[in-house]
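Enquirer: With the sequence up front, the predicted model follows.
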Amino acid sequence: MRDNAGVSLYRDEGIVLRTQKLGEADRIVTVLTRRTGRIRAAAKGVRKTKSRFGARLEPFTHVDLQFYERRSLDLITQAETLRPYGEPLVTDYPRYTAGTAMLETAEKLTAEEKEPALRQFLLLLGGLRTLADGAHDPRLVLDAYLLRSLSVAGWAPALDECVACGSRNRLRAFAIAAGGAMCGNCRRPGAATPAPPTLELMLALLRGDWEHADGSQPRHRAECSGLVAAYLQWHLEHGIRSLRHVEREAAPITTIDEEPG
């Protein structure tokens, strides 16, 4: 909209994904918003100790923002905190690193600026809320978020049927390049060979079946995390750097000997 002086202003709520220094006192703030999609905007003076809203523009924060539209970077002129999800995360390393991986993934999966991405926004909002509540293992929350975000992006893995022939029986492998689970007859050389409960856990996380996920065994959670991370990074042009900091147990799965095509 335009105000009486002809200045173009717009409002949106969003989640702060990351910040970068700009000059001596300013920052570039990357936000995933409900209506507008991913936005990079300048915030003036937020690095000063007396900044009006510097603390409201930190990663993990759910904020209501007003923007001034400009030819280059839009300018954030107002910021009100809706919920500071970072507060319960920064003092808990497993939850913090899982949350950081979620923010980075959200940015990578919304590649175009100002392209509406409502479902990705809602997934991230729900994921951060679940992570902050602390009711589930942070690795499970992260893997559920990653699987669902990939699904929204059009890359949902086949988990309950063979990606090659459609069979729902004897699923023995997981082939990333093929798009998911495979039966014994279709299994490709170099595909991972996860335990059946691992594929069941991945399906439960994709569907939001927390009762099943919470009852899973640690070895299956570790194997699931390894497969989800590999599948995610296969589909992204650049890997998710923050995943290396997420606390994960070693997962004894077959190395996937496939190169992106």
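Expert: Received it, and whenever you're ready, just let me know what you need.

Enquirer: Give me the helices and strands touching the lengthiest strand in the chain, please.
Expert: In the chain, taking DSSP state E as the definition, the longest strand is strand 9-22. The elements that strand 9-22 packs onto, with contact taken as 3 or more C-beta pairs under 8 Å, 6 or more residues apart in numbering; DSSP states H and E, are strand 26-33, strand 38-43, strand 61-68, helix 93-108, helix 118-133. Where C-beta positions appear, they are placed from N, C-alpha and C, glycine not excepted.

Enquirer: Given that strand, what are its sheet partners and their directions?
Expert: Here strand 9-22 is paired, per DSSP bridges, with strand 26-33 (antiparallel), strand 61-68 (antiparallel).

Enquirer: Give me the angle between that strand and helix 93-108.
Expert: Angle, strand 9-22 to helix 93-108, by axes from the mean of the first three to the mean of the last three C-alpha atoms, to 10 degrees: 120 degrees.

Enquirer: how about CSV for the helices and strands packed on strand 9-22, with mean neighbour count, distance to residue 148 and mean pLDDT added?
Expert: Formatted as CSV, the helices and strands packed on strand 9-22 follow (neighbours: other C-beta atoms under 10 Å; distance: least, C-beta to C-beta, whole Å; pLDDT from 0 to 100):
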stretch, mean neighbour count, distance to residue 148, mean pLDDT
strand 26-33, 22, 15, 94
strand 38-43, 22, 18, 94
strand 61-68, 20, 18, 96
helix 93-108, 22, 11, 96
helix 118-133, 19, 5, 97
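
Enquirer: closest to residue 84 out of these?
Expert: Taking C-beta to C-beta, strand 61-68 is the member of these nearest to residue 84, at 5.3 Å.

Enquirer: For this structure, which residues score under the pLDDT cut-off?
Expert: 1-7, 49-52, 54, 247-261 (pLDDT under 70).

Enquirer: The same query, at a cut-off of 90, please.
Expert: Scanning the chain for pLDDT under 90 picks out 1-7, 21-27, 44-56, 70-72, 111-114, 190, 237-241, 244-261.

Enquirer: for the longest helix along it, which positions count as buried?
Expert: Counting residues, the longest helix in the chain under DSSP state H turns out to be helix 218-235. Neighbour-count burial for helix 218-235 flags 220-235 (criterion: 16 or more other C-beta atoms under 10 Å).

Enquirer: Kindly report the same for stretch 178-192.
Expert: Under 16+ other C-beta under 10 Å, the buried positions of stretch 178-192 are 178, 179, 180, 181, 182, 183, 186, 187, 191, 192.

Enquirer: of all the residues you listed, which comes closest to residue 42?
Expert: residue 179 (40.5 Å).

Enquirer: if I look at that closest one, how far off is residue 154?
Expert: 11 Å (C-beta to C-beta, to the nearest Å).

Enquirer: The spatially most central residue of the chain: what's it in contact with?
Expert: Centroid check for the chain by C-alpha atoms, centre = their mean gives residue 102 as the closest residue, at 3.2 Å. Neighbouring residues of residue 102 by C-beta atoms under 8 Å, 6 or more residues apart in numbering: 124, 127, 128, 131, 142, 145, 146.

Enquirer: want to throw these into TSV with distance to residue 20?
Expert: Listed next are the contacts of residue 102 as TSV, based on distance: C-beta to C-beta, whole Å:
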residue	distance to residue 20
124	19
127	23
128	21
131	24
142	24
145	24
146	24
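
Enquirer: farthest-separated two in those residues?
Expert: 128 and 146 (13.5 Å).

Enquirer: Residue 171: what's it in contact with?
Expert: The contact partners of residue 171, by C-beta under 8 Å, 6+ apart, come to 160, 161, 162, 181, 182, 183, 196, 199.

Enquirer: For it, what are phi and psi?
Expert: Backbone torsions for residue 171, taken as degrees, to the nearest 10, come to phi -70, psi 110.

Enquirer: SS state for the closest residue to it other than its chain neighbours?
Expert: With C-beta to C-beta, 6 or more residues apart in numbering as the criterion, residue 171 has its nearest non-adjacent residue at 4.6 Å, and that residue is residue 181. Three-state call for residue 181 (DSSP: H, G, I helix; E, B strand; the rest coil): strand.
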